[in-house]
Every structure is written in structure tokens, then in C-alpha cells.
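Chemist: Got a sequence here, can you build the structure:
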Amino acid sequence: MAARNKKQTSTGSAQKQLQKAQKGKSKGGQRFHKDAKSTPSSGTWRKKMTGWHVAAVIIAVTAGVLHCMHVSNMFENDRFFSHLSELEREMTFRTEMGLYYSYYKTMITSPTFVQGLSAVMNDNVTEYPSTINVLKRFNLYPEVGLAMGYRIFRSVTESLNIRTKQCYRVERGRGLSAVSNCEGIGDPAYFYIDLIFVENGALMSLVFILATNLSGSLMGGIIAVLTFFYNHGECTRVQWTPPLRESFAYPILLLQILIVTHTLKTSHPGWKHSIAIALTTVGFMLPWQFAQFALLTQTLAIFATYVLGYIGSNKFRCIIQGQSIGLVISFVMLFGNEMLLTSFFASCLITVWIIVLLEKHIEKLPHRLLIWIVQGLMLILGVVGIKIILSKLLSTADDAHISNLFRSKFSDFRDFHTMLYICAKEFDFIESETPIRFLKTLLLPASVIALGGVVVHLCRLEYNAWKAGHDETEENAHEGKNGSNHEENNAIQERSKPHAELVYHVFQLLAFTVMGIIIMRLKLFMTPHLCIFCGILASSKVFGFFKDRNMHNAVLAGMLALMSIGGIANLRHQWSIQGDFSNAPQEEMLEWVKANVPQDAVFAGPMPTMATIKLSTLRPIVNHPHYEDVGLRARVKTVYEMYSRKPAAEVYAHIKALQAQYVVMEDSWCTRKTRDGCSLPEIFDLEDKENLGKEPLCMKLKKNPAPYFKQVFRNNVYTILKL
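Modeler: Numbering: from 1, shown residues only. Purely as a prediction, here's the structure:
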């Protein structure tokens, strides 16, 4: 880097540059690259690299195949999916999973793919009577791709007369009637979940590649893969909930992080790096509404790397350029989804662009500490201020519940919508048992040692660089020579320190850890990154005090042996899970609806049940589980008044205004709660002080629904009332 910068200087200082370049071998060159070895002949290098890469590819593919088989087998064992009827398979996709799968079903059962896509983009069944573009609102591009793929696959295999599924008649026992089912990739449900499992097999390959890239060792990749398997239940939920957005999005995020890591390690990244970052950013944002928060932490982590001087503004621009292009493309492909423009991610990108553009002015401040303070204040004020301004300009409050959720975490603020979140286990703080589980597999101590090793290694390099730079400054002062402004600007833009990628991953790990602690669901970012960080234990540069490579490998082998005690126990527990899905009360209710209710009848009820009603009976619904819309949240609150203490007449009028004709009630929702204050009547008590202390309406309707409602169906779980 020093030599490249020197070529841009004036001719008059060439003699001094030559002298510095010669001295650099004893100063800058050695202090940053003392681990480098002499380059072997091109033939030897090519042979070594080829063999190394072949081994890496074999291990990566093997890890991916094993993980695909692992999650697929666990899913089958948990549900006995191969022996379920079509209706039972649909019932296993609870809550928002059923909602997403319903659109896949719409697109594969329509006469043509275009008609199916048009039905999804002009949908009046999901939020009846409103017509909405589901592709804009619900991050449905994975279902669009899978539906198109299934239709092509079915067309090709049918034309070639290739058999892709085997059908059976299954006797279910327990007093249930026999059902027909089909098994094989030609079945729509199998095609859907199998491709998800294949993508998450590729996830494990990416874990190996990223850890290998960071550690510079195949052993580092192997450690990351094994720790992922040993802590599998804390790393992913794909084996239990395949259709969730994270199942599609997280593997793409890991690919994007790998590209960012490669960009940080590249001396002069260009447009191809920005484009690669942009494409993977789009691939991450399109499937998942929460992608903006992970990308926000990435931008902050890279910004911190830039502020500390590990990368120059040119490299920083290259990365945020890719992120910005990805954001714009995602905004366009999601038909102008305002949540993207009003996100903290968007406001953060705008802010860091402003800071970079003002770099030459900020860098003129007299002290580095003052520069950091100014950059930090600009970041905080810019992100918050721009977020508020954009939200006001676009008049949107779709993501207000997210801000309120974080607000409720650190204050006594509570309202109906935040209580629905914080009363759900996955949105609570991380469980106290989680660190204990990490201790049993040694994931926590191993990752802490790796993190500590990286920090110590970086501090040692910083000290050496400071000491050498101090000597050089004194020499320049003695000579009475200073560089030109042009030289200084170039130096700032092109500045670089070794291991910028490690600095980025330290900040990224810390950000993911904070996210995982605050919201348990987001530990899917934290735990895999802990596993990846464990791979750095195999780095001979970071842990260079192991003079003997064999000794280093022996220590790693011993660590893996100790990890295996708890890790294999975890795997055996997962392999021992044997289930047989059955939900007779819900099946009875769905069959009754299909047989006795008109096709255009409109339903309201609990969000998870409404998703199943839409998927399996194709009846219109007024509310559903996708909560990222202010209008939908108002609808849910209105429907859930059934579980409040309000008068029946008032609740009837509100639900009638939604044009619902039938209401589904689940008896357990009247009293069920995860902890004190979390039953629905108690949640409504926070805002409905007027009716405090009265009997919940759901209890009254259970006894006597008249005169506003009429009971038309009832079993031991579900009650259907007609308005």
C-alpha cells in the first residue's frame, strides 16, 4: 500500500519516497507482514493451492450434504411428515408459515403461473375486503421462485413421463379415518420444504468457507462446522419451521458477509465487489422484513472499522455503495415498500455517506479523539434525525411497533401490540439457560478465547505500528519535511491496516450478541457467528505463540474432544425426537368449514388460526399473522376484543364493521398466559380501564352467545360463532 501511495506523489519528493520504501522493510513491512513467508515457485504454489482448494471444496460440500440430511430427517421424525395427508401437512405450517405457504399453493394451482402471480398481487382474500399487493407486503419472492420452479419441474417431468412421487393410503388409527398421501419431490409440499433444506445445507458450506477464510486454515472451518452441529438447536429453527423467512434469508446473509469479508481483504476493491454485495443484499432483503436490522448492524460494524483506520474511505465507499444499491433495488422490487426507506438501515446509510463525503474536512480536526467524537455524534444524530424526517415525509408508521418493542425492553412502556410481542417467548430476552448450554459444549469459552486472542493480536499490531510511526514522525520533524494536502488526502482514502476483516467480525459479533440477548429469536444471528469465531482458534497468525504447528493442532483436537461430550449429547437428543403430528380438533373444524360454509364467507379470529383457514379452506379472512402493517395491527386489535372485557354490543359492532361473518374462538385463549399479565384480558386491561374487573367477553360468549352471535360449530378446542 505504501508503494502505491508513493507513486501518486510529486516528483520533487521521489528521493525521500525511495528512502522510505527501503526503510519500510525494517519498519512498516515487517511489522505488518512478519508472518509472511517467501513465495514458492509458481508451479509449487499452484500445486499447493490446488490441493488445498480441492480439500476445502470436498469438506464444504460434505458439510452441506450432512446438514441438509440432518434437518430433513429431524423434520420428518418430528412430524412423521411422509405419512400425513395434504390437509395435515398444511396444518403443520402454523401461524405465518401457513400464510406464506398459501400463496405458494395459489401460484401452483392456478391455470397459469401468470394468473397465480396476478392473484397474489391483487389479493382480496387476506385482508377482506381490501385488495392488497401481497408481494409488496409479505416478502414473498421465495414462494414466487419456488412456485415457478415447481411448475417448470412438473411440466418437464410429466412430458418425459418421469415418476416423481409415490402415493399411499394411510390408516391413521385413534378413531381417525384413513387418508391418502404422496411422498417425493413431485409433491408440492415436499418440493417446497426440500429446496429449503437444500439451501440450508448450503448454509453449512458457507459456515465452513467463512471460518476457513478468517482463520486461514481448514481446521478453522472444521471447528466452526462441528460447533454449529453441537449447538444446532441454538443456531437454527429450519428443522422445525421451514417456511419462516429466516430459513430463506439467513444463508444469503452469510454469503453476503463472506463477500464483504473478501472485499475487506482486497487491496483495491472495485465495482465487481459492490455489485456482488448489492446482489446478495437484495437476496437477503427480499425474503425477510427483519433484514434491515441485521444490515444496520453490518453498516455500523464496517463504519467502526473505517473510523479506527483499518480501511480507507475508498474501500468503505465500495461496501456501502453495494448496500445502497441493494436497498434501492429491493425498494423497487417490493413495489415501493415504505418500510425500507423509513428503516434505521436506510437512515444509517445516508448518514455514513454524509460523513464520508465530509471526510477531508473532518480529518482536519487537530486530535484523533476529537475526530471520533464528531463522527460518533454525526452518526447518532443523523440516523435518528433522518429516520424521523423520512417517517414524517412518507407518513408511515408501519414499523412503529418495532421501536415500541425496543422501548418496552428498557422502560415500563406497555401497549397492546408490544405486549403481544413480549409475551411471546421468542421475543423475550434470551433464556438464562442458553449460556449454560453454551458452557456445556464449550462454545462460550472457546469463542471468548478466540475473541480475546483477536483483540490482543490487534492491540499488539497497533502498538508496534504506533511505535514505528512515532519514530518516523520524529525523523520527518528532524528533516523539516511535510507531505502535501494531496498526499494526505490520498493516504486517508487508501489507508489500510492488516486484519480489517477481523476487526469487522469483532464488531459484527458484538452487534449480533446484543441483538440475541435483547430478542431471543435473533440469537440465530449470534450463535452461528460464535461458531464461526471459534474457527479463528486455528489461526496461526492470531495464535502465533504456538511455535510448533503440531502442538497447536493437538490443543485444537483436545478442545474438540471436550466439546464433543456435550455436543454429541445434544445431537443424540435431537435424533431421539420422534413425533406423529395430529390435530383432530382443528381438522374437524376445517372439514366443517369446507362442507358447511359458503366459499365467500368471511372469517375473523386468532391470527394463527386465520392463516390455516385461508390456506386449507380458501375462505376470505380479515386478519392474519403478518404484523408489519399499521392497518393490520388495528384489525387484529379489533378482532381480539372478543377476549377483552368490553360489552358484547360494542365488540359486535366493531367486528361487523370489518365485514366478517364468522368468528373463530379458541377457548384456551381466554385464560392462557405465558406469565403474569400476559393473558389477553389482562393485556386489554392496560388500555381499557373503563371495564376493568368485569368478566371477559369470551367467557360470556361461551355460556350464551346471544343475541349478537350464534354458535354454529363447537368441539373441545374451537367454537365458531356467526354474526
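
Chemist: Which secondary structure state does Ile720 sit in?
Modeler: Classification of Ile720 by DSSP: H, G, I helix; E, B strand; the rest coil places it in strand.

Chemist: That one and Leu296, how far apart?
Modeler: With distances taken as C-beta to C-beta, to the nearest Å, Ile720 is found 43 Å from Leu296. Glycine gets a C-beta too; all of them are placed from N, C-alpha and C.

Chemist: same question, Ala660
Modeler: Between Ala660 and Leu296 the computed distance is 38 Å (C-beta to C-beta).

Chemist: With Ala569 instead?
Modeler: Taking C-beta to C-beta, one finds Ala569 at 37 Å from Leu296.

Chemist: Same check on Ile613?
Modeler: 36 Å.

Chemist: between those two, which one's more packed in?
Modeler: Per other C-beta atoms under 10 Å, whichever of Ile613 and Leu296 has more neighbours is Ile613, with 26 against 20.

Chemist: In this structure the more buried one contacts Ile621, no?
Modeler: Yes. Counting by C-beta atoms under 8 Å, Ile621 is a contact partner of Ile613 at 5.8 Å.

Chemist: what do the two both touch?
Modeler: Common contacts of Ile613 and Ile621 (C-beta atoms under 8 Å, 6 or more residues apart in numbering): Phe603.

Chemist: Quick one: low-confidence residue ranges for the chain.
Modeler: Residues of the chain meeting the criterion pLDDT under 70: 1-49, 174-175, 398, 469-494.

Chemist: cutoff 50 now
Modeler: Where the chain drops to pLDDT under 50, the residues are 1-47, 477.

Chemist: roughly how far is stretch 206-224 from the heart of the chain?
Modeler: Chain-centre distance of stretch 206-224: 21 Å, with C-alpha atoms, centre = their mean, to the nearest Å.

Chemist: For whichever helix or strand Leu255 is part of, buried residues please.
Modeler: Using DSSP states H and E, Leu255 sits within helix 245-265. With burial defined by 16 or more other C-beta atoms under 10 Å, the residues of helix 245-265 counted as buried are 245-264.

Chemist: ranges for the strands of the stretch 551-700 of the chain?
Modeler: Assignment of strands within the stretch 551-700 of the chain using DSSP state E, counting those that start in this stretch yields the ranges 603-604, 662-666.

Chemist: name the helices or strands packed onto the last one?
Modeler: Contact partners of strand 662-666 among helices and strands, from 3 or more C-beta pairs under 8 Å, 6 or more residues apart in numbering; DSSP states H and E: strand 603-604, helix 607-617, helix 697-703, strand 718-722.

Chemist: one more time with 7 Å
Modeler: strand 603-604, strand 718-722 (3 or more C-beta pairs under 7 Å, 6 or more residues apart in numbering; DSSP states H and E).

Chemist: list the helices and strands the first one packs on?
Modeler: In terms of contact count using 3+ C-beta pairs under 7 Å, 6+ apart, strand 603-604 is assigned the packing partners strand 662-666.

Chemist: Distance from the chain centre to the strand it packs on, please.
Modeler: 33 Å.

Chemist: Also compute the angle for that strand relative to helix 607-617, please.
Modeler: Strand 662-666 and helix 607-617 are oriented at 120 degrees to each other (axes from the mean of the first three to the mean of the last three C-alpha atoms, to 10 degrees).

Chemist: Direction included, what does strand 662-666 pair up with?
Modeler: strand 603-604 (parallel), strand 718-722 (antiparallel) (DSSP bridges).

Chemist: Same question for that strand: list its buried residues.
Modeler: 662-666.

Chemist: coming back round to it: report all helices and strands that the helix holding Leu255 contacts.
Modeler: By 3+ C-beta pairs under 7 Å, 6+ apart, helix 245-265 packs against helix 188-215, helix 271-285, helix 313-333, helix 500-518.

Chemist: which residues are in contact with the last one?
Modeler: Looking back up the chat, that one is helix 500-518. Residues outside helix 500-518 that contact it (C-beta atoms under 7 Å, 6 or more residues apart in numbering) are 214, 261, 264-265, 297-298, 300-302, 304-305, 308, 310-311, 409, 429-430, 451, 454-455, 458, 522-523, 525-526, 529, 533.

Chemist: Counting neighbours, which of these end up buried?
Modeler: 214, 261, 264, 297-298, 300-302, 304-305, 308, 310-311, 409, 430, 451, 454, 458, 522-523, 525-526, 529, 533.

Chemist: so what's Tyr504 closest to, chain neighbours aside?
Modeler: Using C-beta to C-beta, 6 or more residues apart in numbering and skipping the chain neighbours, the partner closest in space to Tyr504 is Thr305 (4.8 Å).

Chemist: can you tell me which residues contact the one you found?
Modeler: Here Thr305 is in contact with 311, 500, 503-504, 507 (criterion: C-beta under 7 Å, 6+ apart).

Chemist: host element of it?
Modeler: Using DSSP H and E, Thr305 falls within helix 291-307.

Chemist: Which elements pack onto the helix or strand hosting Ala446?
Modeler: Take DSSP H and E as the rule and Ala446 turns out to sit in helix 443-479. Counting contacts by 3+ C-beta pairs under 7 Å, 6+ apart, helix 443-479 is packed against helix 28-33, helix 433-440, helix 500-518, helix 523-534.

Chemist: who wins for proximity to Lys689 among those helices?
Modeler: helix 500-518 (29.9 Å; C-beta to C-beta).

Chemist: And Tyr310, its phi and psi?
Modeler: Here is the backbone geometry of Tyr310 (degrees, to the nearest 10): phi -80, psi -20.

Chemist: Just to check, it is in contact with Arg495?
Modeler: No. Contact criterion C-beta atoms under 7 Å: Tyr310 and Arg495 do not qualify, at 8.3 Å.

Chemist: picking up where we left off before, deepest in the core, which of the helices and strands packed on strand 662-666 is it.
Modeler: Highest mean neighbour count among the helices and strands packed on strand 662-666 (mean count of other C-beta atoms under 10 Å): strand 603-604, with a mean of 26.

Chemist: who's in contact with that one?
Modeler: So strand 603-604 is contacted by 610, 613, 619, 621-623, 639, 655, 658, 660, 662-664 (C-beta under 7 Å, 6+ apart).

Chemist: ok, and the closest non-adjacent residue to Asp688?
Modeler: Ser644 (6.0 Å).

Chemist: can you check Tyr101 too?
Modeler: Among residues not flanking Tyr101 along the chain, Phe93 sits closest, at 4.8 Å (C-beta to C-beta, 6+ apart).

Chemist: hang on, the earlier thing: now distance to Ala63 too, for the strands of the stretch 551-700 of the chain, in TSV please.
Modeler: As requested, those are arranged in TSV below (distance: least, C-beta to C-beta, whole Å):
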stretch	distance to Ala63
strand 603-604	45
strand 662-666	42
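
Chemist: May I have the residues that are in contact with the residue nearest to Asp688?
Modeler: 681, 684, 688, 696-697.

Chemist: nearest to Ser130, of these?
Modeler: Closest approach to Ser130 among those (C-beta to C-beta): Phe684, at 24.9 Å.

Chemist: For that closest one, the count of nearby residues, please.
Modeler: Using other C-beta under 10 Å, Phe684 has 22 other residues around it.

Chemist: where do the helices sit along the stretch 551-700 of the chain?
Modeler: 584-596, 607-617, 630-639, 648-657, 680-685, 697-703 (DSSP state H, counting those that start in this stretch).

Chemist: Please list the outside residues in contact with the second one.
Modeler: Think helix 607-617. By C-beta under 7 Å, 6+ apart, helix 607-617 touches 87, 90-91, 94-96, 98-99, 101-102, 105, 125-126, 586, 590, 593-594, 603, 619, 621, 623-625, 636, 664, 666.

Chemist: Could you pull out the buried residues of it?
Modeler: 607-617.

Chemist: May I have the secondary structure class of the closest residue to Leu244 other than its chain neighbours?
Modeler: Take Leu244 and drop its neighbours on the chain: the residue closest to it by C-beta to C-beta, 6+ apart is Met97, 6.2 Å away. Using three-state DSSP, the structure places Met97 in helix.

Chemist: Asn181: which element?
Modeler: strand 179-183.

Chemist: That strand - contacts with which helices or strands?
Modeler: In terms of contacts (3+ C-beta pairs under 7 Å, 6+ apart), strand 179-183 is packed against strand 166-170.
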